[in-house]
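Student: no FASTA, just this:
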């Protein structure tokens with residue numbers, strides 16, 4: 001955990017209800033050398049919000065942050081070419097941010113994937129498509145650069161467990177909790 005006051009890592013603290021917040025999980029953007037962090041403020045309080053921060057690796061200063069929202073971020077990742085950052089919230093909403101321009105490109109409707117949070121979120125190998133499975137029985141396939149919905153009509157009988165791309169990025173597989 002990154003402690004904003006002492007500017008040190010691996011500090012355990014009780015952040016319930018505090019504005020300073022915490023970093024829940026992070027990874028390094030290998031192309032730019034930045035830290036991409038899933039963060040929240042006001043943990044475990046009625047004002048709790050979640051967002052992604054992009055931090056400078058050395059100084060830990062903020063470079064970019066996505067909008068703060070109430071829905072928890074349960075999946076996030078970079079496209080293979082590191083141009084786009086996708087994130088998914090527990091309300092089923094998906095956002096894509098341009099990491100070169102440091103700006104939000106598009107955001108899906110929260111109901112597109114059905115009820116519940118996103119179970120899987122993956123870019124195609126060339127980074128042009130984004131695939132997500134919802135907590136319900138549906139998946140979404142979008143054009144990453146525009147947010148154009150290619151399909152969300154592949155409904156299953158059971159709730160979806162996962163979806164993923166083949167190595168060539170020209171096909172995907174999905175599975176429901178009922179074995180479909």
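Tutor: That came through fine. Just so it is clear, the structure is predicted and the values come from calculations on it, not from any experiment.
Student: now residue 165: closest residue in space, sequence neighbours ignored.
Tutor: residue 172 (5.0 Å; C-beta to C-beta, 6 or more residues apart in numbering). The C-beta positions use only the backbone N, C-alpha and C, and glycine is treated the same way.
Student: same check on residue 90?
Tutor: Nearest residue to residue 90, sequence neighbours excluded (C-beta to C-beta, 6+ apart): residue 117, at 3.7 Å.
Student: with residue 91 instead?
Tutor: On the basis of C-beta to C-beta, 6+ apart, the spatially nearest residue to residue 91 that is not a chain neighbour turns out to be residue 71, at 4.2 Å.
Student: so that neighbour touches residue 93, yeah?
Tutor: Yes. Counting by C-beta atoms under 8 Å, residue 93 is a contact partner of residue 71 at 6.3 Å.
Student: so what sits against both of these two?
Tutor: Between them, residue 71 and residue 93 have residue 110 as joint contacts when contacts are counted by C-beta atoms under 8 Å, 6 or more residues apart in numbering.
Student: so the two - more neighbours on which side?
Tutor: For the pair residue 71 and residue 93, the greater number of neighbours falls to residue 93 (21 against 16), based on other C-beta atoms under 10 Å.
Student: wait, what's in contact with the more buried one?
Tutor: Applying C-beta under 8 Å, 6+ apart, the residues contacting residue 93 are 71, 107-110.
Student: quick one: the residue lying closest to residue 109 once chain neighbours are set aside and residue 27, what's the gap?
Tutor: Taking C-beta to C-beta, 6+ apart, and ignoring the residues beside it in sequence, residue 109 has residue 93 as its nearest neighbour in space, at 7.5 Å. Going from residue 93 to residue 27 by C-beta to C-beta, to the nearest Å gives 21 Å.
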